[in-house]
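**Q** sequence unknown, structure follows:
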């Protein structure tokens, strides 16, 4: 008797730590991932979006060089005949077709290009600006002939290939491709593909980390395969590819609404290949038993099919389907620990500098930054323990010792994290001790110094142009004097930080210099509660996109789970800038200075950015949720927020590049585009708000009278 066709296929997807314009490195990671996929028996390999050149090329996409080097990398892949032999590879790169630039998936097999599928829905909100560089393919279910450049023709012998909205038909199944944003759109391509009989759908993505975002991504893939049936493969970049974003991996495979494979979300690995064996017969059975789906499928217009004489299913009778599993999610405080830590490692090794310098005040923000670097060193140690040679090579290069074998994460930290407590006459012994304790827990090389001589020198210089000397408010000075005296302390610390970052390795008889870490959180940036060009000005800031409330939860988690016990006392302390004199009746407090709590700031931030609320809309929402406050007080707090937000918005034009983690980040560079010169009186907005306050107060008074009369009537 004839043996039945096998219905099991092993597929491979991956997380790749690609880097914008690093064509040689990107090519190495792509080819290594294909080889590993083949070693695991995969017949279909999927890579991330724009993996050949790196997702974050930005305006370099406008350069013809970027397209040229991408073709050169693809030619190298195709020229290695063994590399793509008997494995269908889905590769991402930019392509110019009829003088229009597209974000494309190139499908290759056996050293030949099968077809090219351009992206049809571009990401153009939040951090994404794809429509600045690419055009979406606007002809559903249509293809052109794409004439290949000579560099490819010389390798493959092909003159042209199909280009457009098509699918690949092998001898045993049909495979369709969509790209990143297309999964998030209301009319995703996978819907019609699945109705037309496409059984495996691939998604090469460039999706960045944002706190609490993974659930949405997984839910969309679950919905796609539970409603329509089928196999869904997802690949992503993982790492910092040259900007503020961290791409958080999580390559996965789903079938019929159930997960069968999931890669790591945060990792220091350059390459992570994720494989699963799926049963195509399970897809067919699932779909055929769903009668309403079958009715829709029978009337679905067909996709152009590109036929290849190839089978993705296996002849191995011992092969078994991969067991389903639940998706793995981690807590937001864990995301804060691991995401910025991995981002900092990529940034450090790719900058080719010698480590990080951090002004450590003993407060929550700088302590959180120090502990994130501490977690980074723990991850480095774990990778070295697991045999990751590339991490060890990078570490040895960073510390300048080709024989270095670290005994502990604290020893690593002592060589790549340098901290300094920059005290003044306004500083307390408590913050000095907390800073030293945090540095000791992490393992940082820690110093302490005083800045009073520096600030006194500035005031002495001032005395050369004026006989009026400024005084703190506690000593009878005005607000102007008080702010000036606080700001000169803060700015002196920034200048001293850069001096120390350049000289500390020299002190240790090492070449190179250090990157300066900033530690201003997202809420303080939004409110403008920071000095322009103080220690918020740095090279990079791992917590600039994280709220104070989330940071406190992170500190408690890190104190217990990452062996940094000193962080608990940091959380328990009252947040203070320590820029004013401490008296018997006055101790400076951040929340008192701001006129609002950090919890309130988080609410204002989310409403302003995520809910797109101006002053009036914000009042209309909060007056019905902040029942503990009178309408007048709700309005007062909103006015205070918008006043300080608008007078301080100019500070965000110079904001240190920060790890993007929060949906209400005020990052002026690309995420939150606003003017920086406002009418700080907000005349029309506040006038309408005042009218609403009057209406709400009257309405509530009438309601109280009605309730009282009803009670009297009932009695």
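**A** The structure has been received and is ready for your questions. Just so we're clear, the structure is a prediction, and the values are computed from it rather than from any experiment. Numbering: from 1, shown residues only.
**Q** contacts and neighbour counts: CA atoms only from here.
**A** Fine.
**Q** Now do the buried residues in the helix-or-strand element of the chain with minimal mean pLDDT.
**A** Within the chain, no helix or strand scores below helix 590-594, which has a mean of 81 by mean pLDDT, DSSP states H and E. Across helix 590-594, burial judged by 16 or more other C-alpha atoms under 10 Å covers 590, 594.
**Q** before we move on, what about stretch 262-282?
**A** 262-280, 282.
**Q** Over to stretch 58-70?
**A** Here stretch 58-70 shows 61, 66, 67, 68, 69, 70 as buried, counting by 16+ other C-alpha under 10 Å.
**Q** what residues does stretch 311-330 touch?
**A** Applying C-alpha atoms under 8 Å, 6 or more residues apart in numbering, the external contacts of stretch 311-330 come out as 6-10, 43-44, 87-88, 170-173, 214-215, 218, 258-262, 276-279.
**Q** Please pull up the helix or strand immediately following the strand or helix carrying residue 168.
**A** In this assignment (DSSP states H and E), residue 168 forms part of strand 167-169. Scanning forward in sequence from strand 167-169 by DSSP H and E, the next helix or strand is strand 174-179.
**Q** Contact partners for the residue nearest to residue 204 when sequence neighbours are not counted?
**A** Leaving out its chain neighbours, the residue that sits closest to residue 204 by C-alpha to C-alpha, 6 or more residues apart in numbering is residue 48, at 4.3 Å. Going by C-alpha under 8 Å, 6+ apart, residue 48 touches 14, 15, 16, 91, 92, 203, 204, 205, 206, 235, 236, 237.
**Q** any chance you could map the strands in the stretch 401-550 of the chain?
**A** 417-423, 445-450, 515-516 (DSSP state E, counting those that start in this stretch).
**Q** by contact count, what packs against the last one?
**A** Where contact means 3 or more C-alpha pairs under 8 Å, 6 or more residues apart in numbering; DSSP states H and E, strand 515-516 is packed against strand 356-359, helix 479-507.
**Q** Rounded mean pLDDT for whichever helix or strand comes after the first one, please.
**A** In this case it means strand 356-359. Downstream of strand 356-359, the next assigned helix or strand under DSSP H and E is helix 364-385. Average pLDDT, helix 364-385: 97.
**Q** From residue 167, how far out is residue 116?
**A** 10 Å (C-alpha to C-alpha, to the nearest Å).
**Q** So if I had to pick from the two, which one is more boxed in?
**A** residue 116 (28 against 24; other C-alpha atoms under 10 Å).
**Q** The more buried one and residue 146, how far apart?
**A** To residue 146, residue 116 is 8 Å away according to C-alpha to C-alpha.
**Q** ditto for residue 490
**A** 59 Å.
**Q** With residue 210 instead?
**A** From residue 210 over to residue 146 (counting by C-alpha to C-alpha), the distance is 37 Å.
**Q** and what of residue 462?
**A** Per C-alpha to C-alpha, residue 462 is found 70 Å from residue 146.
**Q** and if you look at residue 50?
**A** Taken as C-alpha to C-alpha, the span from residue 50 to residue 146 is 19 Å.
**Q** Who has more neighbours out of these two?
**A** residue 50 (25 against 18).
**Q** which residues touch the more buried one?
**A** 91, 92, 93, 94, 103, 104, 206.
**Q** Residue 541 contacts residue 661, correct?
**A** No. When contacts are counted by C-alpha atoms under 8 Å, residue 541 is not listed as touching residue 661 (11.5 Å).
**Q** Now do the contacts for residue 251.
**A** 13, 14, 15, 233, 234, 235, 236, 262, 263, 264, 274.
**Q** from those, which ones fall inside strands?
**A** Of the contacts of residue 251, the ones assigned to strands by DSSP state E are 13, 14, 15, 233, 234, 235, 236, 262, 274.
**Q** how many other residues sit next to the fifth one?
**A** Burial of residue 234, expressed as a neighbour count using other C-alpha under 10 Å, amounts to 30.
**Q** which residues touch it?
**A** By C-alpha under 8 Å, 6+ apart, the neighbours of residue 234 are 13, 46, 202, 203, 204, 205, 251, 252, 253.
**Q** would you list every one of the helices in the stretch 201-350 of the chain?
**A** 214-228, 280-288, 291-298, 332-351 (DSSP state H, counting those that start in this stretch).
**Q** which one of these is the most hemmed in?
**A** For the helices of the stretch 201-350 of the chain, the largest average neighbour count (mean count of other C-alpha atoms under 10 Å) is found in helix 332-351, namely a mean of 22.
**Q** Could you report the pLDDT at residue 662?
**A** On the pLDDT scale, residue 662 gets 82.
**Q** Wait, it touches residue 544, no?
**A** No. Residue 662 lies out of contact with residue 544 (C-alpha under 8 Å); the separation is 9.1 Å.
**Q** neighbour count winner among those two?
**A** residue 544 (29 against 19).
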